[in-house]
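Engineer: Fold the following for me, if possible:
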Amino acid sequence: MKILTIEDVIKALKNPPSEARVAVIKKAYDFAQKAHEGQKRRSGEDYIQHPLAAAKILAEIGMGGKTIAACLLHDVPEDTKVTMLEVEKTFGKEITAMVDGVTKLGKIKLRGSHEEYFLENLRKMFIAMATDIRVIIIKLADRLHNMQTLEHNPPEKQIRIARETMEVFAPIANRLGMGEMKTQLQDLSFQYLDPENYNLIKELEEKDYKQRKQYVDQAIKELESELKKEGIDVLEIHGRAKSVFSLHLKLQKHDMDINRVYDLAAVRIIVNEVADCYETLGVVHKKYRPMIGRIKDYISLPKPNGYQSIHTTVFGPDGKIMEVQIRTLKMHNEAEFGIAAHWLYSEYKKKKNWRDFIFKKKKAIPEKELEWVKQLREWQNEIGRDDEEFIQGLKIDFFKNHIFAFTPQGDIIDLPEEGTPVDFAYAIHGEIGNHATGAKVNNRMVPLDYQIKNGEVIEILTSKDRKSPNADWLKFVKTSVAKSHIRRELKKNES
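Structural biologist: The predicted model follows:
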């Protein structure tokens, strides 16, 4: 394993390395190296290699100097004699608050879902998210490096950490739109949790790799030529490998028949503007016949975590099936790095008070990005200490797959799979939920326990005559927001 230096971190910076940024990173490194002197990791390497590796991950995804400095310092108060006060004296309040945030998250021990310790740590994690998202991004980088070096731990610990990663950290990365981070965390966890299937998928994937690569390379060559003819400025065109874990999930759906997985061979095209994406789609379809019903426009209809791209499945060279993804560079960075990509864009810096814009109310990103985290936090405060309800709701609201539906005005509402019109109503506003009498889906009446499907337009019918929600709704609503509103109203009407 390569021994990392602070220069490796600085070279990896995606943002231009200003003098101030480099200075704060080097200062944090010197401080951490001195504090961790003599400490070793299970692998036998110097302890400082861990914060350096996590810091390099953050540099690669475009995080700023203060976040990287906080990452280098994140284990200092916990594992050395240096106090938080000493960190604050040297680095000031903002960096120390991040170090403190990471320290307070503690180590999540996922032994049993209902364990108080586990629940308490999850609460801390959501509160940290809603106050300064950078704390969670540091935690994800920390966990990714721990997963990359997991082989140095005893088997029992490997399984526990891999399960935590799969059940807690990967879904968090996904909800923050950090696709690359999610993929790495899932694949590394899968390797330890199900080595048999992991190896089977790797074998299946590698079996026709050479043939698939030749075919993808040919498609790239042909598409490059067509796009050039049409005068479309292509920033990048490359093959995209499918992650081991996502391929495993796809194969399970298709009775382990790899020939039914249409996106195993995939090409990604990155262009300048949104208009270029649609023009590129036209060129692709002119060259290769599209498969009916396999065009997904996530640009006009983004996924709940913000993901945008056009996906199309076509009959490529020699009539072989392949997927083509088309996106802008901004969409690509957001798909790979998610919320971290906000630090990559200079448009915030062009605003007079860009620091106020990014850090307003001590929040490190624009408000609407974390609406679902705020919703979770409010709900958690409402239900107080009911751990059973907290964990059940958490599993549904946060870790389950999500769909999006529309209001008649075109607003997107993010719901867990199997969400109902009542969940939809409460997601808009408590009063709409309380007075709901019926629902229309795509202009036709449906019962209130109808399970909403992706992309449907939902209209909630209300009446002032309805004084309170129906207790029977609790039997079918899925979201914790709906449940807590219904319970609160029913209680109010009892007293």
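Engineer: When you work out contacts or count neighbours from here on, use the C-alpha atoms and nothing else.
Structural biologist: Fine.
Engineer: The closest residue to residue 442 other than its chain neighbours bridge partners, please.
Structural biologist: Computed as Cα to Cα, 6 or more residues apart in numbering, the closest residue to residue 442 that is not its neighbour in sequence is residue 457, at 5.1 Å. On the basis of DSSP bridges, residue 457 is bridged to residue 406.
Engineer: Point to the residue nearest the middle of the protein.
Structural biologist: In the chain, the C-alpha nearest the mean C-alpha coordinate belongs to residue 174, at 2.3 Å (Cα atoms, centre = their mean).
Engineer: did I read that right, residue 467 in a helix?
Structural biologist: No - using DSSP: H, G, I helix; E, B strand; the rest coil, the assignment for residue 467 is coil, not a helix.
Engineer: pLDDT at it, what is it?
Structural biologist: On the pLDDT scale, residue 467 is placed at 80.
Engineer: Please apply the same query to residue 490.
Structural biologist: Reported pLDDT for residue 490: 89.
Engineer: That one contacts residue 472, correct?
Structural biologist: No - using Cα atoms under 8 Å, residue 490 makes no contact with residue 472, being 11.1 Å away.
Engineer: Which one's more surrounded, the two?
Structural biologist: Comparing residue 490 with residue 472 by other Cα atoms under 10 Å, the one with more neighbours is residue 490, at 16 against 9.
Engineer: Quick check: buried residues in the strand or helix carrying the more buried one?
Structural biologist: Using DSSP states H and E, residue 490 sits within helix 480-494. For helix 480-494, the neighbour count (16 or more other Cα atoms under 10 Å) marks 480, 481, 482, 483, 484, 485, 486, 487, 489, 490 as buried.
Engineer: Let's have these in JSON lines, adding distance to residue 161.
Structural biologist: Below are those laid out as JSON lines (distance: Cα to Cα, whole Å):
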{"residue": "480", "distance to residue 161": "28"}
{"residue": "481", "distance to residue 161": "30"}
{"residue": "482", "distance to residue 161": "33"}
{"residue": "483", "distance to residue 161": "32"}
{"residue": "484", "distance to residue 161": "32"}
{"residue": "485", "distance to residue 161": "36"}
{"residue": "486", "distance to residue 161": "37"}
{"residue": "487", "distance to residue 161": "36"}
{"residue": "489", "distance to residue 161": "41"}
{"residue": "490", "distance to residue 161": "42"}
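Engineer: Tell me which two of the residues you listed sit farthest apart.
Structural biologist: Across the buried residues of helix 480-494, no pair lies farther apart than 480 and 490, at 15.3 Å, counting by Cα to Cα.
Engineer: Validate this expectation: residue 404 resides in a strand.
Structural biologist: Yes - according to three-state DSSP, residue 404 belongs to a strand.
Engineer: ok, so what distance separates it from residue 85?
Structural biologist: Distance of residue 404 to residue 85, given as Cα to Cα, to the nearest Å: 45 Å.
Engineer: These two: who's more crowded?
Structural biologist: residue 404 (23 against 13).
Engineer: What residue spans form the domains of this structure?
Structural biologist: Annotated domains of the chain cover 6-193, 201-337, 369-494 [automatic domain parsing].
Engineer: Quote the end-to-end distance of the second one.
Structural biologist: To tie it back to what came earlier, the one meant is domain 201-337. End-to-end distance of domain 201-337: 26 Å, with Cα to Cα as the criterion.
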